[in-house]
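Fold the following and give me the result.
(4 chains)
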Number of protein chains: 2
Amino acid sequence: MEAATAQTDGTRPLTIGAVCRRLREEFPDISISKIRYLEDQGLLMPRRTQGGYRLFAEEDVERLETILRLQRDEFLPLRVIRQELSSGMHRRERAPRAGLRAPETEVDLGTLCERAGVDGAFVRELEEFGLVESHAVDGRKLFADRDVDVAAACFRLARFGVAPRHLRSFRTGADREAGLLEQIVAPSLRSPNPERRHSGLEELETLASLSQELSHLLFWRAVRSIVPR
Amino acid sequence: MEAATAQTDGTRPLTIGAVCRRLREEFPDISISKIRYLEDQGLLMPRRTQGGYRLFAEEDVERLETILRLQRDEFLPLRVIRQELSSGMHRRERAPRAGLRAPETEVDLGTLCERAGVDGAFVRELEEFGLVESHAVDGRKLFADRDVDVAAACFRLARFGVAPRHLRSFRTGADREAGLLEQIVAPSLRSPNPERRHSGLEELETLASLSQELSHLLFWRAVRSIVPR
DNA sequence: ATAAACCCTCAAGTCGAGGTTGAAGGATGG
DNA sequence: CCATCCTTCAACCTCGACTTGAGGGTTTAT
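Now for the predicted structure:
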């Protein structure tokens, strides 16, 4: 009873604990009981050993990853995830609405330029004034996905005569505001208690939205005040 | 006191019950208490009458419809909806609430307090830090209508421990950004040629929206960067 | 001026989703 | 044979999203 457990694809099935350890990196809040719960809700149906142990084939693990991603990034309830999975998963191209918890994807310089419709020189200028930021990974400059939008916005402003160097204050303003929030939630976010960290994250999201609303209001008031009566 | 409640767009504001009846067809599970709950959660901020009754302008009703649709069709939790709304997602008309050209209405201290749900001491504090501004007209302090929303937003933040004095930097940031735009459009705005003034105003609106989008992006990037990886 | 209809706040309660915990015990591997 | 992992099942818990109720004020029509 040894090689008999090998799979068609060569990888051998994992026990529930092994699955958990493997996914822990991408999904820190996974747990054995959660996986069992998902099975209970009909989202997973792993094989079993004679003795009743769950055995997760590679495809089961992938399915589980999909489920966790849909939960984390799309905020879908399990009932809907079940539906989507059983109906073949077509038709799902929503705007990525990644919240604070989804990992950020990255793009290289070429992609950034293409998607934002700008050239390399412009990006260099943006970088100089801290509007976008890259970090090098084996020789290639990588940018956060969201910098594509930043670059595009800057470019449109540039066409109105607002050069990147004028925009530095936007960056410092944003940093200062975020720094303020940091002071408030930092204790929670750095807590050893995962529950506390989680609620800190939620508080941060709420706080950030409210702050955003406030700056929006203040900004428009300021803009309004510059038009002569 | 009858036609006086008419809005700039011709439709008059609805009371909460009227809103409910109007939306009941598309959203059968709407209720008065639910609408109040949404306001409590910072998703809506309708104006108020002197007596404290909520008054929903057309744009408030639209915002509410958006919220309900995001809940029903996209299954988004309120926390996420709040974020989406405070971002530019709601692209159209998230700009100047009444356009840069509409005259601003004014309210007195009592009205401000009532409508924002704050007390006089709080308003004084806000004023001290430049978050709201009053000008005296024959003995009464008058505030711009939009300061009601500012005060309400500040109050919500205050409940999270963010005192008005922390918020001063929001004000200065907004001013600095607006000042930048001013330098660009000032010549047009002060031109003797009315046509030129008009196009300057339009340019200002465009520029302001773009700037707003940029600061929004930069702010969220900054916020994201404060959560430990 | 009064009544009916409508609205307010605030605290407490409800309800379902999405899990966690613990007890009692069987399975697996060195 | 023993440590470690796994099993089920029922009870429990937390949180988001409201609902309810008490006590009281506002609006409007007559």
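
Pull out the buried positions in stretch A:186-198.
Within stretch A:186-198, the residues scored as buried using 16 or more other CB atoms under 10 Å in any protein chain shown are A:186, A:188-189, A:197-198. Every C-beta, even on glycine, is put in place using the N, C-alpha and C of the backbone.

Secondary structure and distance to A:Gly17 added to those, as JSON lines?
Listed next are those as JSON lines, based on DSSP: H, G, I helix; E, B strand; the rest coil; distance: CB to CB, whole Å:
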{"residue": "A:Ala186", "secondary structure": "helix", "distance to A:Gly17": "34"}
{"residue": "A:Ser188", "secondary structure": "helix", "distance to A:Gly17": "30"}
{"residue": "A:Leu189", "secondary structure": "helix", "distance to A:Gly17": "29"}
{"residue": "A:Arg197", "secondary structure": "helix", "distance to A:Gly17": "23"}
{"residue": "A:His198", "secondary structure": "helix", "distance to A:Gly17": "23"}
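
could you dump those to a markdown table with distance to A:Gln41 and pLDDT?
Below are the buried residues of stretch A:186-198 laid out as a markdown table (distance: CB to CB, whole Å; pLDDT from 0 to 100):
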| residue | distance to A:Gln41 | pLDDT |
| --- | --- | --- |
| A:Ala186 | 36 | 89 |
| A:Ser188 | 30 | 84 |
| A:Leu189 | 31 | 84 |
| A:Arg197 | 26 | 80 |
| A:His198 | 21 | 79 |
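
Widest-spaced pair of those residues?
Distance extremes for the buried residues of stretch A:186-198: the farthest pair is A:Ala186 and A:His198 at 14.9 Å, using CB to CB.

Serialize the buried residues of stretch A:186-198 to JSON lines and add fields for distance to chain B.
Converted to JSON lines, the buried residues of stretch A:186-198 look like this (distance: CB to the nearest CB, whole Å):
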{"residue": "A:Ala186", "distance to chain B": "8"}
{"residue": "A:Ser188", "distance to chain B": "11"}
{"residue": "A:Leu189", "distance to chain B": "6"}
{"residue": "A:Arg197", "distance to chain B": "9"}
{"residue": "A:His198", "distance to chain B": "11"}
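
distance between the helix or strand hosting A:Arg22 and the chain's centre?
For A:Arg22, the host element (DSSP states H and E) is helix A:16-23. Offset of helix A:16-23 from its chain centre (CA atoms, centre = their mean, to the nearest Å): 22 Å.

Okay, now the unreliable bits of chain A?
Flagging of chain A using pLDDT under 70 yields the residue ranges A:1-10, A:88-98.

mind running it again at 90?
A:1-12, A:83-105, A:137-139, A:145-146, A:160-161, A:184-207, A:209-210, A:212-213, A:216-217, A:224-229 (pLDDT under 90).

Give me every residue in it lying close to DNA strand C.
Taking CB under 7 Å from any atom of the strand, the part of chain A that reaches DNA strand C is made up of A:1, A:29, A:31, A:33-34, A:36-38, A:41, A:49-53, A:71, A:77-79.
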